[in-house]
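# only geometry, no sequence info:
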């Protein structure tokens, strides 16, 4: 599905993260300044579990880990949201689940393997590497890399495995990078996009492009269903 990002209408998104202090200000500000987006909300899920109805207001949801109020309910709602036609960009700390510390996303999101990378369960420290690496783009023609020049000196990485059917479109040589799940409904970014991140280049543009590419597939889903219905009528 090589849909041109320039043809998109405006996209409505929400950052549904759970942090004690505001650490997503730069990412949110970047997306708000991108004319491809209309509504851009930052929803702190530390004391609130968004309902499925609230999630369905948005074309794409960004998740980035954190101490969610109810890890299981949030994960169930997020899975239902994707099943109902929504899309998710899963960022860095969203790929580990540490229930003893109340960190990460559980429920059906974890159990039914929606993400392109397998979630690390337990203490993330053993899967964490600090090693400055540049992004290797494996599919430069993919719309997620439209306008992207480089992403260099990325400091932090998780050692993650691909889910069955997922494909990686970029990596950091020895570490995972950017992947898409088998259903083309979730993009995974194995680099930090919070204010604590350390890199140079187009990290936020890749994040924004991923959301636009996912949202563009809404029409493809509807068209495909219409063709399928016609075949049986």
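Sure thing, it's come through. Predicted model, so just to flag it, every value in this text is computed and none were measured.
# Would you map the helices across the protein?
25-32, 52-55, 71-83, 107-111, 203-232 (DSSP state H).
# looking at these, which has the lowest confidence?
With a mean of 69, helix 203-232 has the lowest mean pLDDT of the helices of the chain.
# show me the contacts for the most centrally placed residue in the chain.
Nearest to the mean C-alpha position of the chain, counting by CA atoms, centre = their mean, stands residue 89 at 1.5 Å. Listed by CB atoms under 8 Å, 6 or more residues apart in numbering, the contact set of residue 89 reads 60, 61, 62, 63, 186, 187, 188, 189, 207, 210, 211, 214. C-beta: built from backbone N, CA, C; applies to glycine.
# Would you confirm that the fifth one contacts residue 83?
No: taking contact to mean CB atoms under 8 Å, the distance of 11.9 Å between residue 186 and residue 83 leaves them out of contact.
# Looking at these two, which has the bigger crowd around it?
residue 186 (28 against 14; other CB atoms under 10 Å).
# what's the more buried one in contact with, if anything?
Taking CB under 8 Å, 6+ apart as the test, what residue 186 contacts is 82, 87, 88, 89, 90, 114, 115, 116, 180, 214.
# 6 Å instead, please
88, 90, 114, 115 (CB atoms under 6 Å, 6 or more residues apart in numbering).
# could the helices of the chain go into a markdown table alongside distance to residue 15?
Converted to a markdown table, those look like this (distance: least, CB to CB, whole Å):
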| stretch | distance to residue 15 |
| --- | --- |
| helix 25-32 | 6 |
| helix 52-55 | 12 |
| helix 71-83 | 13 |
| helix 107-111 | 16 |
| helix 203-232 | 10 |
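# closest one to residue 155 among those helices?
helix 203-232 (11.5 Å; CB to CB).
# Show the model's pLDDT score for the residue nearest to the centre of the chain.
pLDDT at residue 89 comes out at 98.
# what is it paired to in the beta sheet?
residue 62, residue 187 (DSSP bridges).
# how about the helices of the chain, which one is nearest residue 147?
helix 203-232 (6.1 Å).
# any idea how far residue 63 is from residue 136?
25 Å (CB to CB, to the nearest Å).
# ugh, typo on my part, it should be residue 189
14 Å.
# okay, these two: which has more neighbours?
Applying other CB under 10 Å to residue 189 and residue 136 shows that residue 189 carries more neighbours, namely 26 against 11.
# Was I right to think that one contacts residue 94?
No: using CB atoms under 6 Å, residue 189 makes no contact with residue 94, being 9.0 Å away.
# So the closest residue to residue 41 other than its chain neighbours versus residue 73, what's the distance?
The shortest distance from residue 41 to any non-neighbouring residue, by CB to CB, 6 or more residues apart in numbering, is to residue 14 (4.3 Å). From residue 14 across to residue 73, the span is 17 Å (CB to CB).
# Mind checking which of these two has more residues around it?
residue 14 (22 against 15).
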